[in-house]
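Chemist: next one to model:
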Amino acid sequence: MRTFFAIVEVILSVGMILCILFQTTKSEGLSGVIGGASSSSLGGKSSTDRQLESVTKYIAVGWLVATAMTTWFYFRG
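Modeler: Below is the predicted model of the structure:
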């Protein structure tokens with residue numbers, strides 16, 4: 001059972017990393033100032049960004065549960 005939760009934890013970790021990388025940035029930061037980029041997001045977040053944000057939250061909760069279960073099975077013996 002410990003191996004199962006460890007595999008689930010790795011899969012959720014990769015999924016969370018991908019979801020975070022696919023989200024658009026909130027600000028341009030220093031690279032936008034130097035490059036002269038202008039912000040064109042006057043309408044707020046797109047539906048894709050909202051979906052990715054929601055999926056990221058669910059994956060994060062799943063990851064926390066999988067981590068807790070992996071730890072519990074590890075120390076249980």
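
Chemist: pull out the buried positions in stretch 6-21.
Modeler: 6, 8, 9, 12, 15, 16, 19 (16 or more other C-beta atoms under 10 Å). Where C-beta positions appear, they are placed from N, C-alpha and C, glycine not excepted.

Chemist: can you show me the helices along the protein?
Modeler: Along the chain, counting by DSSP state H, helices occupy 2-22, 29-35, 47-76.

Chemist: for the residue positioned nearest the centre of the chain, give me its contacts.
Modeler: When C-alpha atoms, centre = their mean is applied to the chain, the residue found nearest the centroid is residue 16 (3.4 Å). Going by C-beta atoms under 8 Å, 6 or more residues apart in numbering, residue 16 touches 56, 59, 60, 63.

Chemist: which one of these sits in the busiest neighbourhood?
Modeler: residue 59 (20 neighbours; other C-beta atoms under 10 Å).

Chemist: could you verify my assumption that it touches residue 12?
Modeler: Yes. Taking C-beta atoms under 8 Å as the definition, residue 59 is a contact partner of residue 12 at 5.6 Å.

Chemist: tell me the pLDDT at residue 23?
Modeler: The model reports residue 23 with a pLDDT of 86.

Chemist: what pLDDT does the closest residue to it other than its chain neighbours get?
Modeler: The spatial neighbour of residue 23 that comes closest, neighbours along the chain excluded (C-beta to C-beta, 6 or more residues apart in numbering), is residue 52 at 5.1 Å. pLDDT, residue 52: 91.

Chemist: how near is residue 52 to residue 1?
Modeler: Distance of residue 52 to residue 1, computed by C-beta to C-beta, to the nearest Å: 31 Å.

Chemist: please identify which of these two sits among more neighbours.
Modeler: In terms of neighbours (other C-beta under 10 Å), residue 52 is the more surrounded of residue 52 and residue 1; the figures are 19 against 10.

Chemist: okay, now the unreliable bits of the protein?
Modeler: Where the chain drops to pLDDT under 70, the residues are 26-44, 77.
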